[in-house]
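**Q** my questions concern the predicted model and sequence given below.
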Amino acid sequence: MKLQIQPIGNAYSEQLIDLILTIQQKEFNIPITAEDQPDLKQIESFYHEGGGNFWGAFIDGELVGSIALVKFGERRGALRKMFVKKEFRGRELNIAQMLLETLISFCRENGIDELYLGTVSVLKAAQRFYERNDFTKIKKETLPERFPLMSADDIFYHLHIN
């Protein structure tokens, strides 16, 4: 099994929608649709052009994970779309950790030192993962003004990258 993490663009939209919606809807019953997430069909204009990026994790050519960065403001970014297929989760493969490290390296190289994210309260493992990685829980009211809010999110985190 060979894991590869690489930047992806619009050519992967359908695979990404399949990966993400399966986790959101089937696994966690989050009432969100592809229409609620138009960014997934406009990866290049939504993520890349603004100074962010979108990465896919592939095992033997299959898309098994994703993470994205929306740049907003001079030195700020929002972590988005962090998902790993159920059967590929966990510490053996460590895909989530490698995806996060890829995103943080990109932030360092591009002068982004404040990272924010929103998640959903049912995603307990995700919250533990962010907390293990030094993210601090913050109140919605303290989010920066231009933070790109997703309607389903109800828990928010911040990481200062040094």
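**A** On my side now, so go ahead. Numbering: from 1, shown residues only.

**Q** alpha carbons only for contacts and neighbour counts from here, please
**A** Fine.

**Q** residue boundaries of the helices in the protein?
**A** According to DSSP state H, the chain carries its helices in the segments 13-21, 43, 95-109, 124-132.

**Q** now find how far off-centre the last one is within its chain.
**A** When C-alpha coordinates are averaged (C-alpha atoms, centre = their mean, to the nearest Å), helix 124-132 and its chain have centres 13 Å apart.

**Q** picking up where we left off before, CSV for the helices of the chain, including mean neighbour count?
**A** Putting those into CSV (neighbours: other C-alpha atoms under 10 Å) gives the following:
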stretch, mean neighbour count
helix 13-21, 17
helix 43, 20
helix 95-109, 17
helix 124-132, 14
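
**Q** and of those helices, who's closest to residue 76?
**A** With respect to residue 76, and counting by C-alpha to C-alpha, the nearest of the helices of the chain is helix 95-109 at 8.9 Å.

**Q** what's the closest one packed up against?
**A** strand 53-59, strand 62-71, strand 76-84 (3 or more C-alpha pairs under 8 Å, 6 or more residues apart in numbering; DSSP states H and E).

**Q** hmm, try it at 10 Å
**A** For helix 95-109, the packing partners by 3 or more C-alpha pairs under 10 Å, 6 or more residues apart in numbering; DSSP states H and E come out as strand 3-7, strand 53-59, strand 62-71, strand 76-84, strand 114-119, helix 124-132.

**Q** out of the helices of the chain, nearest to residue 60?
**A** Among these, the nearest to residue 60 by C-alpha to C-alpha is helix 95-109 (13.7 Å).
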